[in-house]
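*Asks:* Just to be clear, the model below is a prediction. Sequence and coordinates:
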Amino acid sequence: MSLSATGFDDALDYKVIHETATTEGKLFSVKLVNGSSSAAYLKIFDANKPVIGTTSPIIILPVAGSGTIFYDIPGGIEFTTLSFASTLNPNPLDATAPSGSTVAVTLVCG
């Protein structure tokens, strides 16, 4: 398994995660834990190297400020290459990083 994250902490307020061993499958559930008091939005992409603010996500999932939420996806969402990022606003092309803290993301894929 090979999981990598962007390492541009000085240049970007967010990270894009890419799992190279998961090239095809289905996304069955998502758990989000928001460490900030502001709402955040997880944007999930079916793209190898999405450009946040340019690449359109396949799904956008909200999480309330200081909240935890579980999303179950009956039947799953098919993907070829799964990537994701969290943003402050729900607009599909918004690239504003969540303020204050990070959003912890747990994905169940098969």
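*Replies:* On my side now, so go ahead.

*Asks:* what's the burial count for Ala85?
*Replies:* For Ala85, the number of neighbouring residues by other CB atoms under 10 Å comes to 25. (Glycine included, C-beta is placed from N, CA and C.)

*Asks:* where does it fall, helix, sheet strand or coil?
*Replies:* strand (DSSP: H, G, I helix; E, B strand; the rest coil).

*Asks:* in the sheet, who's paired with the residue nearest in space to the middle of the chain?
*Replies:* Of all residues in the chain, the one closest to the mean position by CA atoms, centre = their mean is Phe84, 3.1 Å from it. For Phe84, the beta-bridge partners are Ile17, Ile44 (DSSP bridges).

*Asks:* Residue ranges in this structure under the pLDDT threshold?
*Replies:* Low-confidence segments of the chain, defined by pLDDT under 70: 1-23.

*Asks:* buried ones in the longest strand along the chain?
*Replies:* The longest strand of the chain (DSSP state E) is strand 68-79. Residues of strand 68-79 classed as buried by neighbour count (16 or more other CB atoms under 10 Å): Tyr71, Ile77, Phe79.

*Asks:* Rebuild these as JSON lines, extending it with distance to Leu42.
*Replies:* As requested, the buried residues of strand 68-79 are arranged in JSON lines below (distance: CB to CB, whole Å):
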{"residue": "Tyr71", "distance to Leu42": "9"}
{"residue": "Ile77", "distance to Leu42": "13"}
{"residue": "Phe79", "distance to Leu42": "14"}
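
*Asks:* Parallel or antiparallel, which strands does the longest strand of the chain pair with?
*Replies:* Partner strands and pairing direction for strand 68-79 (DSSP bridges) are strand 25-34 (antiparallel).
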